[in-house]
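Visitor: okay, predicted coordinates and the sequence, questions at the end:
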Amino acid sequence: MAPNLRLNAVAFISPQNHPILIRTFSKPDETAIKYHYIAHTSLDVIEERVSTKSSDCYLGLLYSMEDVAIYGYITPLKVKIVIALALSDSVVRDMEINMIFKALHMAYYSAISNPFLTLEESSGHDSSRSLLAGSPKWKNLRSRIDEIARIVGNSSGASTGG
Amino acid sequence: MSGRSSLQIPSSTSSSSIPAHLTPLAALTDPPIRHVDSAMMDYFLIEVVNTLRESSKVALNREREREKEMVEAGLIPPLALPAKDNKDGTISARDSTGSLASTKGGKTAAAGPIDEEEEALKLRLEAIGMHVGSNFSERLCRDRALFTETLDAIKFICKDIWVACWDKQVDNLRTNHRGVYVLQDNSFKTISRLSSWQGRPDAVRKAKVYVSMPAGIIKGALSRLGYNATVSPEVTTLPQCTFQVKLPKGS
């Protein structure tokens, strides 16, 4: 069965609950601010899930809104990754979403390992890191995320069924 | 010298049931492991210490020049440090010999500036270690579950980070259950091959500089996990080394 996963948006949130990067892949006429709102509301759901059922990184389906389903993942270092998938009728397997999350985590890790990224604010204020997320230095992370989204998007087009 | 061991970044076992259309994604999920030769880390540390020693000397000299200029211009009142007069006299001597140990014995009045330089050097090493530790712990945390409590995080450090960096686990972990942990390693790899022609006490003194980078690695890893601890390394006899980790109250 051809899977029909369409990644609408990806959001990274820092351990101090500041947004690091929110990237949307939806059609240009939709307002992207909706995904900022979605990332914000998922914070509460994540808090709840983490306090009760801890010891697992993949948090599964957090909730679903009008046309998107929101999945969450928290790394042991408390960085939260939230993705919004377009609702579809096909079966969505946990394992695939988990793989997407792991790939996103690797992308984040590769971008973060660049020591020149946080060199200016070495005084340790995490809040200013979020402001840098739009700047050219974070282009690496953005291009990696675009790559992941492309793969996920292509997969639905590539397989011809069966 | 025995065969080189490599510093491995652990990878998860690959699942065999990946749907075909997502295999490119799998390549991104589990990138190939990169190995780093562990001997390279030793060489690197040696060079780093020498380079940073010179660079921190230059930085401190620059600062003192500026202070001197400001004092002469009357902007700030002259600082009443007795060691300040000796500093300018001994700077040229120290630069030519390039070794702090040989000048240390004679001049106790100049001990102030020398300690300052060692402190600056240790601070730089610790900052580098913090960067490395925080980023490396991100990688190591990839496949494990969330941390349940503080002791869990310390155990993660004792096992995963030490195995990845120094090929062994911590030999002894003690705690007073009130936020202070003592990690003891009976043959710490970084200083196990360190010796000084001036004898044991001098080697211990030099080792203190070299262990500040591993202390920084531990501190960086802990800070990423959310605990702002202070890590103080102690070397009493080579090659044994202890790290005292103090976690702030309430964690």
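Guide: Alright, I've got the coordinates. Residues are numbered from 1 along each chain as shown, chains lettered A, B, ... in the order given.

Visitor: output the lowest mean pLDDT helix or strand found in chain A.
Guide: Ranked by mean pLDDT, DSSP states H and E, the weakest helix or strand in chain A is helix A:127-132, scoring a mean of 46.

Visitor: should've said chain B
Guide: Lowest on mean pLDDT, DSSP H and E among the helices and strands of chain B sits helix B:100-104, with a mean of 35.

Visitor: and the helix or strand just after it, anywhere near chain A?
Guide: The helix or strand immediately downstream of helix B:100-104 is helix B:111-140, counting by DSSP states H and E. Yes. Shown here: helix B:111-140 in contact with chain A (C-beta under 8 Å from any C-beta of the partner chain) through B:127, B:131, B:135, B:137-139. Using the backbone N, CA and C atoms, a C-beta is placed for each residue, glycine as well.

Visitor: most widely separated two among those residues?
Guide: Largest separation among these by C-beta to C-beta: B:Ala127 and B:Arg139, giving 19.7 Å.

Visitor: doesn't B:Pro233 lie inside a strand?
Guide: Yes. Secondary structure assignment places B:Pro233 in a strand (DSSP: H, G, I helix; E, B strand; the rest coil).

Visitor: how about the strands in chain A?
Guide: Along chain A, counting by DSSP state E, strands occupy A:7-13, A:19-24, A:58-64, A:68-74, A:80-86.

Visitor: oh sorry, the question was meant for chain B
Guide: All strands of chain B, identified by DSSP E, fall at B:6-8, B:35-37, B:172-175, B:180-185, B:230-234, B:241-246.

Visitor: tell me which of the ones you listed sits most buried.
Guide: A comparison of the strands of chain B by mean neighbour count, using mean count of other C-beta atoms under 10 Å in any protein chain shown, puts strand B:241-246 on top with a mean of 20.

Visitor: just checking, what packs against that strand?
Guide: Taking 3 or more C-beta pairs under 8 Å, 6 or more residues apart in numbering or on different chains; DSSP states H and E as contact, the helices and strands that strand B:241-246 lies on are strand B:180-185, helix B:212-225, strand B:230-234.

Visitor: can you tell me what sits against that strand?
Guide: The contact list for strand B:241-246 (C-beta atoms under 8 Å, 6 or more residues apart in numbering or on different chains) reads B:154, B:179-185, B:188, B:190-191, B:207, B:211, B:214-215, B:218, B:222, B:229-236.

Visitor: for stretch B:115-128, same thing?
Guide: By C-beta under 8 Å, 6+ apart, stretch B:115-128 touches A:122, B:48-49, B:52-53, B:55-57, B:59-60, B:100, B:208-209, B:212-213, B:215-216, B:219.

Visitor: swap the cut-off to 6 Å and go again
Guide: Applying C-beta atoms under 6 Å, 6 or more residues apart in numbering or on different chains, the contact partners of stretch B:115-128 are B:52-53, B:56-57, B:60, B:212-213, B:216.

Visitor: and what of stretch A:71-78?
Guide: Applying C-beta under 6 Å, 6+ apart, the contact partners of stretch A:71-78 are A:15, A:42, A:46, A:57-59, A:61-62, A:80-83, A:97, A:101, B:141, B:146-147, B:224.

Visitor: just the helices in chain A please.
Guide: Assigned by DSSP state H, the helices in chain A fall at A:33-52, A:94-112, A:127-132, A:139-158.

Visitor: contacting residues for A:Leu141?
Guide: A:Leu141 sits next to A:Ala111 when contact means C-beta under 6 Å, 6+ apart.

Visitor: so what pLDDT did it get?
Guide: pLDDT, A:Leu141: 70.

Visitor: cool, B:Arg62 as well?
Guide: At B:Arg62, pLDDT is 90.

Visitor: how far away is it from chain A?
Guide: In this view, B:Arg62 and chain A are 19 Å apart by C-beta to the nearest C-beta, to the nearest Å.

Visitor: neighbours around that residue, how many?
Guide: If you count neighbours by other C-beta atoms under 10 Å in any protein chain shown, B:Arg62 ends up with 10.

Visitor: same thing with B:Glu126?
Guide: 21.

Visitor: report the beta-bridge partner residues of the closest residue to B:Phe188 other than its chain neighbours.
Guide: Spatial nearest neighbour of B:Phe188, excluding adjacent residues (C-beta to C-beta, 6 or more residues apart in numbering or on different chains): B:Cys241 at 3.9 Å. Beta-bridge partners recorded for B:Cys241 (DSSP bridges): B:Asp185.

Visitor: show the pLDDT at B:Cys241.
Guide: We have a pLDDT of 84 for B:Cys241.

Visitor: distance of it relative to chain A?
Guide: Taking C-beta to the nearest C-beta, one finds B:Cys241 at 26 Å from chain A.

Visitor: mind listing what A:Arg6 touches?
Guide: A:Arg6 makes contacts with A:Ala86, as judged by C-beta under 6 Å, 6+ apart.

Visitor: picking that back up, if any of the contacts of stretch A:71-78 are buried, put those into a ChimeraX selection.
Guide: To isolate the buried ones among those in ChimeraX, judged by 16 or more other C-beta atoms under 10 Å in any protein chain shown, type:
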select /A:42,46,57,58,59,62,80,81,82,83,97,101 /B:141,146,147,224
